[in-house]
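A.B. asks: The amino acid sequence is not available; the structure is as follows:
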Ligand code: GDP
Ligand code: MG
């Protein structure tokens, strides 16, 4: 992501690039914030090295300090590493869909089992059966039974003396004959990871063939988070993570540690003891929490928006005068790359919807932008300012310089002419409106 940020601004003047010294000074602060947020040291090291390498050379938005820019880059990268916004529990399998809950003792498995069951019942109208496979803790089965009664969800009949594996088999049978949509298996944990726990979990998995295996972990887990997540993932191949006690003073470091260690999505977070204290995972919120530098992030975002608006206004003025040259096109291409493609940008501009449709490919990808920018960069200053100079021999020279066919140069010049004409027409309708369109 920061890599792209760097490229976007590289063609624009008046902004400095991040030096190695800027980046390492800012990263010292970032490292401290991550450690304070209890991100595992292994992950802190890997993450900051990765971000550092990308941040060096990235452009700094006007009116922003280099350190602030680094924080923004780190924040964006953090959001990217933490994963997608919505990761719902999948029920995309034959009913009854088995969901296996695993984790250490006291992590919140039983509570989370109740919360998820309530959500599936209330929001998706699913018929859920709960089964406690916890044969170790006295009254563990009764705890789940009580919860079930409280939320109006059925629990498997308690029969003393059965093994966890036998209870799992019985739960699946009951769910099948009872016409349930989902069967949730709540397992016994241990105070720490040991072979016995892993073996039992693996056996339960083998007999129940779960569609989801959710690792329930306390957000205050700290340095053990990586080891915990990795152990479970290697042994039973978890499908997702539920982070509990996010309402506590933990700063969410475990989310980053576990995600980085396993690559598995964080699906939900527990934010209290009550049955409705379950929320979707929002990577941006957790990133804010981990970094604790939300103010800086929004400051840099605002500054970047201002710069975009200023550039847009300048551009609108030039268009009004019919002075849209190839340098401007290059700036626009870089801007468009950032905004998700030429077609999507043009659709937002009044009178440009048809042109968007007539573009060679409705969805232009980043590589095409890069090639077009390379073509313009192979032109002389004069040629960029006066595209009429571009005769056949000049076009040949440029094609060679940019490593493309002459036909691509022709296409680009044609596109520029179309855009310039279109912009002249549109800007007669009022440059202010156009500037607003560009400024977003
Ligand atoms: P298990 O041993 O993994 O089954 O853990 P439990 O579900 O029995 O939970 C242990 C304790 O943690 C209980 O007192 C729960 O109320 C509490 N708990 C679980 N999830 C949360 C949460 O998201 N926030 C808070 N504050 N407490 C939680
Ligand atoms: Mg339990």
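C.D. replies: Structure received. These figures come from a predicted structure and were not determined experimentally. Ligands and ions are numbered 1, 2, ... in the order given.
A.B. asks: Tell me, how many residues neighbour the closest residue to residue 292 other than its chain neighbours?
C.D. replies: Among residues not flanking residue 292 along the chain, residue 33 sits closest, at 5.6 Å (CB to CB, 6 or more residues apart in numbering). For every residue, glycine as well, the C-beta is placed using N, CA and C. Neighbours of residue 33 under the rule other CB atoms under 10 Å: 18.
A.B. asks: next one: the one 5 residues further on
C.D. replies: A total of 21 residues lie near residue 38 under the criterion other CB under 10 Å.
A.B. asks: ok, and the closest non-adjacent residue to the residue in the stretch 301-440 of the chain that ligand 2 sits nearest to?
C.D. replies: Per CB to the ion, residue 301 is where the stretch 301-440 of the chain lies closest to ligand 2, at 42.3 Å. Spatially, and ignoring its direct neighbours in sequence, residue 301 is nearest to residue 72 (7.2 Å; CB to CB, 6+ apart).
A.B. asks: Which positions in this protein make contact with ligand 2?
C.D. replies: For the chain, the contact set with ligand 2 under CB under 5 Å from the ion comprises 109, 110.
A.B. asks: Mind doing that once more with 8 Å?
C.D. replies: 105-106, 109-111, 113, 132, 134, 137, 140, 143-144, 186-189 (CB under 8 Å from the ion).
A.B. asks: Look up the residues forming beta bridges with the residue of the chain found nearest ligand 1.
C.D. replies: Nearest residue of the chain to ligand 1: residue 270, at 2.7 Å (CB to the nearest ligand atom). Counting by DSSP bridges, residue 270 is bridged to residue 278.
A.B. asks: now residue 131
C.D. replies: Assigned bridge partners for residue 131, using DSSP bridges, are residue 185.
A.B. asks: Against residue 96, how distant is it?
C.D. replies: Residue 131 is 11 Å from residue 96, where distance means CB to CB, to the nearest Å.
A.B. asks: so what's in contact with the two at the same time?
C.D. replies: Common contacts of residue 131 and residue 96 (CB atoms under 8 Å, 6 or more residues apart in numbering): residue 183.
A.B. asks: what comes up buried for the helix of greatest length in the chain?
C.D. replies: For the chain, the longest helix by residue count, based on DSSP state H, is helix 294-320. Buried residues in helix 294-320, counted by 16 or more other CB atoms under 10 Å: 296-297, 299-300, 303-304, 307-308, 311-313, 315-316, 318-320.
A.B. asks: same thing with stretch 282-293?
C.D. replies: For stretch 282-293, by 16+ other CB under 10 Å, it's 283, 285, 286, 287, 288, 289, 290, 291, 293.
A.B. asks: Tell me which stretches of the stretch 1-150 of the chain form strands.
C.D. replies: Ranges of strands within the stretch 1-150 of the chain are 97-102, 128-132, based on DSSP state E, counting those that start in this stretch.
A.B. asks: want to try a markdown table for those strands, with mean neighbour count, mean pLDDT and distance to residue 402 as columns?
C.D. replies: Putting the strands of the stretch 1-150 of the chain into a markdown table (neighbours: other CB atoms under 10 Å; pLDDT from 0 to 100; distance: least, CB to CB, whole Å) gives the following:
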| stretch | mean neighbour count | mean pLDDT | distance to residue 402 |
| --- | --- | --- | --- |
| strand 97-102 | 25 | 97 | 54 |
| strand 128-132 | 27 | 98 | 61 |
